[in-house]
Structures are given as C-alpha cells and as structure tokens.
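**Student:** turn this into a model:
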Amino acid sequence: MTWLSRLRRAAAPPDPMQAAMAAFRAGDHATALALWEPLARAGNARAQANIGACFAEGLGVPADPPLALRWLTLAAEAGYAPGQRNLAALYLRGGRGVEPDPARAAELYRRAAEQGDALAQDMLSWMLLEGEVMPPDPREARRWALAAAEAGIASSMTRLGMLHHHALGVERDVAEAARWWRQGAERGDADGQAMLGAALHLGAGVAADPVEALAWLIRAEAGGSALARPFLGPVRAGLAAAALAEAERRAAMPLPEPPA
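**Tutor:** Numbers count the residues shown, from 1 in each chain. Model prediction:
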C-alpha cells in the first residue's frame with residue numbers, strides 16, 4: 001500500500017452502518033438509532049429492520065409496536081430476511097396497536113427461511129412441528145431444523161434429537177437423538193442439556209453415566225428447562241455424597257468447546 005493510498009484510507013469517513021452496529025453492541029442504542037435513521041429514510045432495508053427491532057423491543061426508545069410494524073414492513077417488503085423474521089415475530093405475539101396474525105407470521109418466517117435465515121428456519125421448523133398455525137409436517141420440520149442446525153442454531157439441534165427420539169418424520173434412533181442433544185447441550189440449549197442428562201441417566205442411545213447426567217441436568221435447570229425437573233430427584237437419589245459433589249463441580253465448569 002502506497003503512502004497516498006494509506007492517506008486516502010485514513011481520511012475516508014467511517015461507515016455509518018458499521019458505526020451504528022458498534023454503538024448498538026456497546027449498548028448505546030440511542031446513538032445507533034440516530035445513525036440508522038438517515039439510512040433507513042434513504043431506503044436501506046437493514047437500517048429499517050434495525051430501527052423496527054428497536055421499537056419492537058424498546059431499545060433506546062419506548063416500545064412502539066405500530067412504529068415497529070411500519071419500519072419492519074418496509075424492510076420485509078424490500079426482501080430483507082432479518083426484517084421478514086422480526087416482522088413475523090411481531091405478528092406472532094402482537095402488541096398495543098398490532099393485532100396478532102399467526103398465519104402472516106408463518107408466511108414471513110417461510111420467506112426468510114427460504115433466503116437462508118437460520119433463526120427463521122428454526123422458528124418455521126418449530127411451527128411445523130407444533131401444528132398450531134399450520135398443518136403439522138414432521139418431515140418438513142426436520143428439513144428446516146437440519147438447515148438451522150447446520151448454521152449453528154442450538155435449539156434446532158435439540159429439536160432434531162426430539163424428532164429422532166419420538167420417530168417423527170424419521171425412524172426412531174435413540175443414538176442419533178442423543179448425538180443431537182449433545183450438540184445442542186454443548187452450545188447452551190437448556191432443553192438439549194435436560195434431554196442429554198435424561199439419556200445419560202437412562203442409558204438411552206449413550207452409555208449410562210449418572211454423574212455426568214446430573215451435571216447436565218443441573219445446567220438445564222439453571223437455564224430454565226422444565227424438562228430437567230422429573231429426572232433431578234431420581235438421579236440425585238442414586239448418588240453418594242462424593243458423586244453429588246463431583247456433578248456439582250462439573251456443572252459449574254464452562255461448557256466444552258463444540259467441534260468446529
């Protein structure tokens with residue numbers, strides 16, 4: 001790089017989107033909004049989606065669902081997948097001045113998922129499995145969960161374990177279920193931790209290991225998973241004091257680094 005190119009680079013004004021994202025990550029939502037506003041008014045879909053998300057969640061501004069709807073709709077209509085996903089979330093829960101519209105939410109999640117948005121793929125998978133908004137389709141739920149899991153979404157890894165365990169859209173395979181639960185657990189999904197703990201307790205698809213089972217169940221309970229509760233008592237009852245202390249020690253350790 002020549003001295004002139006270095007000088008030009010040093011003199012270049014900072015990118016407002018990068019500056020806004022840096023401010024947002026630092027918790028300075030008001031500055032981020034001030035930087036996004038002119039970009040959004042100029043038609044930048046990413047800025048529109050970010051402003052909409054702030055109004056939806058009350059970040060840097062009072063929560064205002066109608067304003068969130070306005071900005072997110074602009075981003076979604078421009079084809080911006082995160083905007084479609086955030087608009088779907090708004091329609092799913094509704095809010096003051098915004099009527100819930102689960103069918104519209106499902107449509108938007110699908111549009112974002114088809115563009116490769118992993119969080120939308122995860123939600124679409126969940127909706128296809130629950131069958132409350134759209135007809136249940138376990139095979140299609142598995143397809144989207146697999147796409148999201150491959151992008152690193154832990155909740156979809158846990159869901160894949162459930163699908164294999166309960167033979168939903170696939171043949172029952174408790175070893176494959178335990179494998180997926182471990183992947184979700186190691187990435188911090190509390191339900192995945194609960195199910196891995198249960199599998200280790202029962203020896204379902206994995207060698208029984210009561211100390212390791214309890215360690216994962218303790219993590220799951222701390223993370224808010226109700227799935228851990230039925231197993232905690234029985235696992236604790238079968239362990240001596242030294243084993244209980246070892247499980248507590250393991251549960252307090254950082255999560256293992258997941259494979260790359």
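**Student:** for the rest of this, base every contact and every neighbour count on C-alpha atoms.
**Tutor:** Will do.
**Student:** what sits against residue 16?
**Tutor:** If you count contacts by Cα atoms under 8 Å, 6 or more residues apart in numbering, residue 16 has them with 35-36.
**Student:** that one and residue 102: what is the separation?
**Tutor:** Using Cα to Cα, to the nearest Å, one gets 35 Å for the distance from residue 16 to residue 102.
**Student:** from residue 148, how far off is residue 215?
**Tutor:** Residue 215 is 27 Å from residue 148, by Cα to Cα.
**Student:** downstream of the helix or strand bottoming out on mean pLDDT in the chain, the next helix or strand is which one?
**Tutor:** Least confident element among the helices and strands of the chain, by mean pLDDT, DSSP states H and E: helix 3-11 (a mean of 52). Note on helix 3-11: by DSSP states H and E, the next helix or strand toward the C-terminus is helix 16-25.
**Student:** helices or strands up against the helix or strand that comes right after that following helix?
**Tutor:** Next in sequence after helix 16-25, counting helices and strands by DSSP H and E, comes helix 29-41. When contacts are defined as 3 or more Cα pairs under 8 Å, 6 or more residues apart in numbering; DSSP states H and E, helix 29-41 sits against helix 16-25, helix 45-57.
**Student:** quick check: phi and psi at residue 60.
**Tutor:** Main-chain dihedrals, residue 60, degrees, to the nearest 10: phi 80, psi -10.
**Student:** does it really touch residue 24, like I thought?
**Tutor:** No: with contact defined as Cα atoms under 8 Å, residue 60 and residue 24 do not form a contacting pair (9.4 Å).
**Student:** check the offset of the host helix or strand of residue 159 from the chain's centre.
**Tutor:** Under the criterion of DSSP H and E, residue 159 resides in helix 154-166. Centroid separation for helix 154-166 versus its chain: 14 Å, with Cα atoms, centre = their mean, to the nearest Å.
**Student:** ok, residues contacting the very next helix or strand once past that helix?
**Tutor:** Once the chain leaves helix 154-166, the next helix or strand it forms, by DSSP H and E, is helix 174-186. Applying Cα under 8 Å, 6+ apart, the external contacts of helix 174-186 come out as 154-158, 160-165, 191-196, 199, 204-206, 255-258.
**Student:** secondary structure element for residue 132?
**Tutor:** According to DSSP H and E, residue 132 maps onto no helix or strand at all.
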